[in-house]
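**Student:** Give me the fold of what follows.
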Amino acid sequence: MKHISLIMIYITVGLLAIWQLPWLISILAAQKTNTPMIVYSTLADKFIISTTENNGLAAVQKYTDENGNIYTQEQRDSLLPFLYWRQLTADGRMPDSIKSQHFSPTDIQRHRFTFRSTPATVNAKYPALYPLLESQSGRVDLEMPSDVFRVSGCCIEFIDMKTNKIDTAKSRKFNLEFEKYKFQFPAALIAGNPTTKKEYDEGYLMLDSGKKLFHFKMTQGSPYLHAIPLPDSVCPKHIYVTEVADHKMLALFTDTKNRFYAIEPVSYRLCKIAIPAFNPETEQMTIIANPMDWTIHVKNEVKSIYYAIKTDDYQFIRKMELPMSEKKFQGLHFTSSIDKYVKPRFN
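**Tutor:** Presented below is the predicted three-dimensional model:
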């Protein structure tokens, strides 16, 4: 019995060492790093890099491009007029046109958006209950409904949140629309942006069990369901309803082959975004968009890649690749950057 107890103690000490030693080494070896802000400049046709460096006395801002050319803050602002248009306007330096195109402050604001996706968010589990906002209420501010819907193996059901009872009349009304379009239950994927902190509502994109994609929302109390045609080779896996201010884009999505697409509203035209691949389950993505181009940042544990993409047709302009500076130590871990679950894992 004594030997068994000693063996258990040794095993416990060994596991704790495997867990704690890499963590302790990473803490002792850690160096302060400042993540640069990198944005493509359509005027310079280069990526502009803004970094913060510490000279021992104070933080110093440094502005360069991918070739190492150094700029002043004012030069940086001028090279990124869509990002720093307010400062340029205040200084009286905002150009009348950019690449022979005129953009008013309203145009710039309407065509700008930021998008972010992280593995921890994508890999999280969420309750299969969804609020359906009224998309044409006639009001400026959106309001959350008093009910939620769920999609079972045979129908869609609306549940009153106060009474916790199924609204049979509303459920029947919406199910008739789903039957009309031959929606195959259950839904394989439901994606939306269920919040009132947006300018308008586009409801949800739903993938049925037959791998057909549908746009679903509520307009003036009635169901709106529209099939979105997709090529046979494209099957959505992760969908992001965007609801950007200029109404140019309905959603972004990746398919089972990690290809990246945009869907335009009304016409439901499918547009391939010209980046090689993006896996939302293991990679982070940030998009900074303006009227002329997007800066797409894709980051994983190995490398960090920046792509410049045209706004109008999503075609490739250029890219810049950086190695990851953070060192990953091998050992036992209970948490990870790709999910929010606490469980033993060995990296």
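
**Student:** for Ser50, what are its contacts?
**Tutor:** Remark: with contacts taken as Cβ atoms under 8 Å, 6 or more residues apart in numbering, Ser50 is in contact with Pro36, Met37, Ile38, Val39, Gln61, Lys62, Tyr63, Arg76. The C-beta positions use only the backbone N, C-alpha and C, and glycine is treated the same way.

**Student:** Narrow those residues to those that are buried.
**Tutor:** By neighbour count, with 16 or more other Cβ atoms under 10 Å, the contacts of Ser50 hold Ile38, Val39, Tyr63, Arg76 as buried.

**Student:** May I see the contacts of Ser50 organised as TSV, with distance to Phe183 and secondary structure added?
**Tutor:** What follows is the contacts of Ser50, written out as TSV (distance: Cβ to Cβ, whole Å; DSSP: H, G, I helix; E, B strand; the rest coil):
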residue	distance to Phe183	secondary structure
Pro36	46	coil
Met37	44	strand
Ile38	43	strand
Val39	42	strand
Gln61	54	strand
Lys62	55	strand
Tyr63	53	strand
Arg76	51	helix
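
**Student:** Next, format these as a markdown table and append distance to Phe174.
**Tutor:** Below are those laid out as a markdown table (distance: Cβ to Cβ, whole Å):
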| residue | distance to Phe174 |
| --- | --- |
| Pro36 | 49 |
| Met37 | 45 |
| Ile38 | 46 |
| Val39 | 44 |
| Gln61 | 54 |
| Lys62 | 56 |
| Tyr63 | 54 |
| Arg76 | 52 |
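
**Student:** Name the nearest of the residues you listed relative to Glu321.
**Tutor:** The closest of these to Glu321 turns out to be Ile38 (Cβ to Cβ; 11.2 Å).

**Student:** which residues sit in contact with the closest one?
**Tutor:** Here Ile38 is in contact with Phe47, Ile48, Ile49, Ser50, Thr295, His297, Tyr306, Met320 (Cβ under 8 Å, 6+ apart).

**Student:** what's across from it in the sheet?
**Tutor:** Here Ile38 sits in beta bridges with Ile49, as judged by DSSP bridges.

**Student:** Show me where the stretch 201-347 of the chain dips below the pLDDT cut-off.
**Tutor:** The stretch 201-347 of the chain contains residues with pLDDT under 70 at 325-337, 342-347.

**Student:** Can you read off the backbone torsions of Gln136?
**Tutor:** phi -130, psi 60 (degrees, to the nearest 10).

**Student:** what number of residues lie near Lys180?
**Tutor:** When neighbours are counted by other Cβ atoms under 10 Å, Lys180 registers 10.

**Student:** State the distance from it to Phe214.
**Tutor:** 11 Å (Cβ to Cβ, to the nearest Å).

**Student:** Give me the distance between Ile296 and Glu321.
**Tutor:** Distance from Ile296 to Glu321, by Cβ to Cβ: 13 Å.

**Student:** residues in contact with the nearest residue to Asp313 once chain neighbours are set aside?
**Tutor:** Distance criterion Cβ to Cβ, 6 or more residues apart in numbering; nearest residue to Asp313, sequence neighbours excluded, is Cys271 at 7.5 Å. By Cβ under 8 Å, 6+ apart, the contact set of Cys271 is Tyr261, Ala262, Ile263, Glu264, Asp313, Tyr314.

**Student:** try it again with 10 Å
**Tutor:** Applying Cβ atoms under 10 Å, 6 or more residues apart in numbering to Cys271 gives the contacts Met249, Leu252, Phe260, Tyr261, Ala262, Ile263, Glu264, Asp313, Tyr314, Gln315.

**Student:** From the residues you listed, keep the buried residues only.
**Tutor:** Buried by 16+ other Cβ under 10 Å: Met249, Leu252, Phe260, Tyr261, Ala262, Ile263, Tyr314, out of those.
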